[in-house]
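Enquirer: Got a predicted structure plus its sequence, pasted below:
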Amino acid sequence: MDIGFNINEDINKQLVYELNNRLKKIHEGGGEKAAAKQKEKGKMLARERVAYLIDDDKPWLEMGAFTADGMYAEHGGCPSGGVICGIGYVAGRQCVIVANDATVKAGAWFPITAKKNLRAQEIAMENRLPIIYLVDSAGVYLPLQDEIFPDKEHFGRIFRNNAIMSSMGIIQISAIMGSCVAGGAYLPIMSDEAMIVEGTGSVFLAGSYLVKSAIGEDVDNETLGGATTHCEISGVTDYKQPNDKACLDSIRNIMSMVGDYNKAGFDRIKASVPKLNEKEIYGILPDNREKAYDMMEIILRLLDDSAFEEYKEGYGKSIICGLGRIDGWAVGIVANQRKVIKSKKGEMQFGGVIYSDSADKATRFIMNCNQKKIPLVFLQDVTGFMVGSRSEQGGIIKDGAKMVNAVANSVVPKFTIVIGNSYGAGNYAMCGKAYDPRLIYAWPSAKIAVMGGGQAAKTLLQIQAAGLKARGEDVDEVKEQELLKEITDRYNAQTTPYYAAARLWVDGIIDPLETRKVISMGIEAANHAPIEKAFNVGVIQT
């Protein structure tokens, strides 16, 4: 291996090391003191509950671990948005699991908490997956109630989704393992079945203090809404369990009896590992996002047997398209080529840029995969569409629009991995979050923004300097450089994968070696939902 490979390897392994350290901190939730208080009540911690519930011998795919990272500092932070979400296996059945973390503000719902819960429900609905709620929440975080309560994508949408999922025949099981207050009380009761833990679980529209204030009645919370009340008097809950483990055992028992599901029928054969060493990805991926590399070398280290059937190999070379398998599943790959290449006309093309011929090729390939019922995997390292008079006269907008149309109307499941750059309209054409990928994950090397930091900073500098001059302030060369550094640092901080993951623009950040697991579990989930809509792109400019 050359020195460049070794440098790349060191940098990328360091990024993964940083990722794992940050995850370790996030997994501590609200900290040791808050965890000790939960233990004193005889309760398991949220992550302990999830670990006990899921099958030991099957993978777990967490979503939104970095939710709220760096946000809500004035409120003491909200690690993971105060809720743990992911796809796991319970008694051999793949499920979505949502568990409130009571060590974080007593499990109260911040605005981002609602967004994360809605994303978990969206994944359950798209893939017709059973969803299990482990409820332990004090309800809406009142200081931010105006950002979570009344709008379409706010708190109430969760209960709307409960009703929609029920009508779709999606299994919903809730376990009340702590507080369940006010509007939040509807979530478990709108599930198919609700169980409650004796002594720690409680569910009511208004707690004892509010009842006293509202109607003058003196009543304790256990009498008001504890396990005995709701299992023996009101009939609100279906099962009373003595402790957390018994409650989780009951869920596993119920799930073990669930019947099989109608499958979408995506093709799968016996899985095999890539022939080329996956770990070499660390050395192939450059140490910064400006450097060129051969995306094909990444693809071959993700596919079973490193076998790839490339589509239109000699045409539209700035996008690689083709068929392969990941963990046995047939997939269609759409990936940005990052090396400088020669076009069919002998012109040099920049890596990571989408040209007209590439957009045309990708559009045709996406349509073919829909015809064949083959899931699509997008590997993003894109700086955008080619600009300039030649591209405009060649119809780049038209060809780009065709590609966006095909991505938007695709009916086979789509999965997106952000490897490097994800800039501008390239993000859209390569199935960014707005285009409904079933799952979208980023590598630690990802950058997500409307344009690259250098370009953006210079543009923002011009705007800011013009504003200062308009107010009569001098902007000399020294001041200009200070402004440029300040703007560049701020902009670059907003392009990191952690910034994106905190806001749920991506479902998480992963070690590149977890990519095959993410895609395989995603397709297995998607296989629960037969394709019922015909592929139709509508009207497009030809």
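Expert: That came through, no problem. All values reported here derive from a predicted model rather than from experimental measurement. Numbering: from 1, shown residues only.

Enquirer: Please make it C-alpha for all contacts and neighbour counts, starting now.
Expert: Will do.

Enquirer: At which residues are the helices of the stretch 201-350 of the chain located?
Expert: Under the criterion DSSP state H, counting those that start in this stretch, the stretch 201-350 of the chain contains helices at 208-215, 221-225, 227-228, 244-256, 281-284, 295-299.

Enquirer: Comparing the ones you listed, which stretch has the densest surroundings?
Expert: Of all the helices of the stretch 201-350 of the chain, helix 227-228 has the most neighbours on average by mean count of other CA atoms under 10 Å, namely a mean of 24.

Enquirer: Off-centre distance for that helix?
Expert: Mean C-alpha position of helix 227-228 versus that of the full chain (CA atoms, centre = their mean, to the nearest Å) differs by 37 Å.

Enquirer: Remind me what that helix packs against, helices and strands.
Expert: Where contact means 3 or more CA pairs under 8 Å, 6 or more residues apart in numbering; DSSP states H and E, helix 227-228 is not packed against any helix or strand.

Enquirer: before we move on, the earlier item: I'd like the helices of the stretch 201-350 of the chain written out as a markdown table, with distance to Cys180 added.
Expert: As requested, the helices of the stretch 201-350 of the chain are exported to a markdown table (distance: least, CA to CA, whole Å):
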| stretch | distance to Cys180 |
| --- | --- |
| helix 208-215 | 13 |
| helix 221-225 | 9 |
| helix 227-228 | 12 |
| helix 244-256 | 15 |
| helix 281-284 | 45 |
| helix 295-299 | 47 |
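
Enquirer: Which of those helices comes out lowest on mean pLDDT?
Expert: Ranked by mean pLDDT, these end with helix 208-215 at the bottom, a mean of 73.

Enquirer: which helices and strands does that helix pack with?
Expert: Checking 3+ CA pairs under 8 Å, 6+ apart, helix 208-215 ends up next to no helix or strand.

Enquirer: Of the helices of the stretch 201-350 of the chain, which is nearest Ile164?
Expert: helix 244-256 (20.8 Å; CA to CA).

Enquirer: what's that closest one packed up against?
Expert: helix 46-53, strand 83-90, strand 172-181, strand 193-197.

Enquirer: Following element in sequence after the longest one, please.
Expert: Using DSSP states H and E, the helix or strand that follows strand 172-181 towards the C-terminus is helix 186-189.

Enquirer: just to revisit the earlier point, select, out of the helices of the stretch 201-350 of the chain, the one closest to Gln94.
Expert: helix 244-256 (9.8 Å).

Enquirer: how many degrees apart are the closest one and strand 193-197 in direction?
Expert: 160 degrees (axes from the mean of the first three to the mean of the last three CA atoms, to 10 degrees).

Enquirer: my guess is Asn117 contacts Val98, does it?
Expert: Yes: checked against CA atoms under 8 Å, the pair Asn117 and Val98 is within contact range at 7.4 Å.

Enquirer: Now do the shared contacts for those two.
Expert: Common neighbours of Asn117 and Val98, using CA atoms under 8 Å, 6 or more residues apart in numbering, are 83, 85.

Enquirer: residues contacting Ala408?
Expert: Listed by CA under 8 Å, 6+ apart, the contact set of Ala408 reads 431, 435-436.

Enquirer: same deal with Cys78?
Expert: Applying CA under 8 Å, 6+ apart to Cys78 gives the contacts 30, 68-69, 71-72, 104-105, 110.

Enquirer: Compute the distance between it and Thr496, please.
Expert: 19 Å (CA to CA, to the nearest Å).

Enquirer: cool, and Gly107?
Expert: 27 Å.

Enquirer: Who has more neighbours out of these two?
Expert: Each of Gly107 and Thr496 has its neighbours counted (other CA atoms under 10 Å); Gly107 has more, 28 against 17.

Enquirer: neighbours around the residue nearest to the more buried one when sequence neighbours are not counted, how many?
Expert: Among residues not flanking Gly107 along the chain, Ser137 sits closest, at 4.2 Å (CA to CA, 6 or more residues apart in numbering). Ser137 sits with 27 neighbouring residues when counted by other CA under 10 Å.

Enquirer: ok, now which ones touch Cys85?
Expert: 62-65, 96-99, 116-117, 120.

Enquirer: end to end, how far does stretch 272-292 reach?
Expert: Its first and final residues considered, stretch 272-292 spans 29 Å by CA to CA.

Enquirer: now swap in stretch 204-224 and tell me
Expert: Using CA to CA, the end-to-end distance of stretch 204-224 comes out at 7 Å.

Enquirer: Repeat that for stretch 319-339.
Expert: From start residue to end residue, stretch 319-339 stretches across 11 Å - CA to CA.

Enquirer: Low-confidence ranges, this structure, go.
Expert: The chain contains residues with pLDDT under 70 at 1, 183, 207-209, 343-348, 387-395, 451-461, 465, 475, 479-480, 541-542.

Enquirer: Now Leu379: closest residue in space, sequence neighbours ignored.
Expert: Ala335 (4.6 Å).

Enquirer: Any figure for the gap between Gly522 and Lys245?
Expert: Remark: distance between Gly522 and Lys245 (CA to CA) = 29 Å.

Enquirer: ok, back up a step: who touches the residue nearest to Gly107 in this structure?
Expert: 100-102, 106-109, 178-181, 184 are the contacts of Ser137 under CA under 8 Å, 6+ apart.

Enquirer: ok, these vs Tyr17, which is closest?
Expert: The closest of these, once distances to Tyr17 are taken by CA to CA, is Asp101, at 25.3 Å.

Enquirer: Report the contact partners of the closest one.
Expert: 29, 45-47, 82-84, 107, 136-137.

Enquirer: mind putting the residues you listed in CSV, distance to Ile487 included?
Expert: Below are those laid out as CSV (distance: CA to CA, whole Å):
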residue, distance to Ile487
Gly29, 32
Leu45, 42
Ala46, 40
Arg47, 39
Gly82, 32
Val83, 34
Ile84, 34
Gly107, 36
Asp136, 42
Ser137, 40
